[in-house]
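# Give me a 3D structure for the following:
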Amino acid sequence: MNNPYSIYVLSFLVFIAAVGAVEAVYLIWRSMKVAESVKISRRIKAMSAGGEHGREVLQLLRNHQLTTIPWLERILSAFPRFHALDRLIQQSGVNISLVKFLGLQLGLVASIVLLLWAFFNVLFVFALLIALVVGVSVPYIFIVRKRIARHEKFTNQMPDALDYLARSMRAGNPFVSSLRSAAEELPEPTGTEFGITFDEMNYGLELEDALYNLERRSGSEEMRFFVTAVLIQRTTGGNLADVLNRIAAVMRQRAITYRDIRILAAEMRLSANVLIALPFFVAAALSVLNPSYLPVLFEHKIGLIIIGLQLFFMLLGYVVIQRMINFRI
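Residues are numbered from 1 along each chain as shown. Now for the predicted structure:
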């Protein structure tokens, strides 16, 4: 804090944190006051974010943009990673734009740096490093977990959805009408995605392009099986209702196998969680039993380096264990 530029850095960090807090309060207020308009805007955004198929038709509705600010749109569009992140947010079902998500990460980084550097006297370099890791990874992990949870809903709902479509077509309804009926009857997210696909076809998009967009939007393997089956049936002919019933049976067996594997891997997952949590519990116990034992680690540069390396290797080990127990079915 003896650096003459410290007051300027501190003022900048306080400003960023304050702006982030005001933005968060505004977003909460806006979601409470204009829920219906947000719902409509989100549905239109989902239609325009389907993908490359039928882009000239969907441009009449709304051209999908990462942001409404022209210069920022040009910057974000130049990096493919931002497009992948935007698709990840879309597949997670979280109602937040890419720019707001990046602003949330930036505000979180600034708040953590301010907290560690100004109040706990942690070296600015290490405070910035910790803030970057935590501030960037925590929102990203939240989005990834929301996407995984949404994909699990697809896994559980798709067999019943395909059976519903098959029964509707056996009753004499065409596929498009069955899709509309399923959109009205099925829960989120399957019903919502079917509804967006039906809306795209109402705006003039071909069935093939609308189904490709459905697959791209959802990011679900079950949805990919469904789209592939429908497109093959349109090319080769046959009874689509029987095909959907068979695919639904395969999906149910696939889900059962996946649950069995998760049960068998539960022990290793629990061991990973225990190994990650154990150092923090030991550090808390030592802080209570012998308060003068651990502060030396935070008062010297070598101690901070050791803590950083420990956190890195703990994270690396956790990722390795998660990949070992994450089987593809």
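
# tell me the domain boundaries of the chain?
Following automatic domain parsing, one finds the domains of the chain at 6-144, 151-263, 265-325.

# which one of those domains is the most hemmed in?
Compared across the domains of the chain, domain 151-263 shows the largest average neighbour count, a mean of 18 (mean count of other C-beta atoms under 10 Å). Quick note: C-beta positions are derived from backbone N, CA and C, even for glycine.

# any idea of the mean pLDDT for it?
Mean pLDDT, computed over domain 151-263, is 91.

# How far off centre is it?
The chain centroid and the centroid of domain 151-263 are separated by 22 Å, computed with C-alpha atoms, centre = their mean, to the nearest Å.

# What of stretch 278-286?
31 Å.

# Residue 219 touches residue 89, doesn't it?
No: Residue 219 is not in contact with residue 89 according to C-beta atoms under 8 Å; the separation is 11.2 Å.

# All the helices of the stretch 151-300 of the chain, in order from the start?
175-185, 190-202, 207-218, 221-236, 240-264, 266-289, 295-299 (DSSP state H, counting those that start in this stretch).

# Could you do the stretch 1-150 of the chain as well?
6-33, 35-48, 55-58, 70-77, 80-92, 98-114, 124-170.

# Tell me which other helices or strands the longest one touches.
Right, helix 124-170. Contacts defined by 3 or more C-beta pairs under 8 Å, 6 or more residues apart in numbering; DSSP states H and E place helix 124-170 against helix 80-92, helix 98-114, helix 175-185, helix 190-202, helix 221-236, helix 240-264, helix 301-325.

# Apart from its chain neighbours, what residue comes closest to the residue most central in space within the chain?
Nearest to the mean C-alpha position of the chain, by C-alpha atoms, centre = their mean, lies residue 143 at 3.0 Å. In this structure, residue 143 finds its nearest non-sequential neighbour in residue 92, 4.9 Å apart by C-beta to C-beta, 6 or more residues apart in numbering.

# Tabulate the helices of the stretch 151-300 of the chain (TSV), appending distance to residue 102.
Converted to TSV, those look like this (distance: least, C-beta to C-beta, whole Å):
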stretch	distance to residue 102
helix 175-185	32
helix 190-202	25
helix 207-218	21
helix 221-236	28
helix 240-264	33
helix 266-289	28
helix 295-299	31
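
# out of those helices, which comes closest to residue 317?
helix 266-289 (7.2 Å; C-beta to C-beta).

# CA-only coordinates of that closest one in CSV, if you can.
Extracted in CSV, the C-alpha atoms of helix 266-289 (Å, rounded to 0.1, in the frame of the first residue of the first chain):
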residue,chain,number,x,y,z
ALA,A,266,-19.9,-42.9,-6.4
GLU,A,267,-17.2,-44.2,-4.2
MET,A,268,-14.4,-42.6,-6.2
ARG,A,269,-16.4,-39.4,-6.5
LEU,A,270,-16.9,-39.3,-2.7
SER,A,271,-13.1,-39.9,-2.3
ALA,A,272,-12.3,-37.0,-4.5
ASN,A,273,-14.6,-34.7,-2.6
VAL,A,274,-13.1,-35.8,0.7
LEU,A,275,-9.6,-35.3,-0.5
ILE,A,276,-10.4,-31.8,-1.7
ALA,A,277,-12.2,-30.8,1.5
LEU,A,278,-9.8,-32.3,3.9
PRO,A,279,-7.0,-29.7,3.7
PHE,A,280,-9.5,-26.9,4.4
PHE,A,281,-10.9,-28.7,7.4
VAL,A,282,-7.3,-29.3,8.7
ALA,A,283,-6.4,-25.7,8.2
ALA,A,284,-9.6,-24.6,10.0
ALA,A,285,-8.8,-26.9,12.9
LEU,A,286,-5.2,-25.7,13.2
SER,A,287,-6.4,-22.1,13.1
VAL,A,288,-8.6,-22.8,16.1
LEU,A,289,-6.2,-25.1,18.1
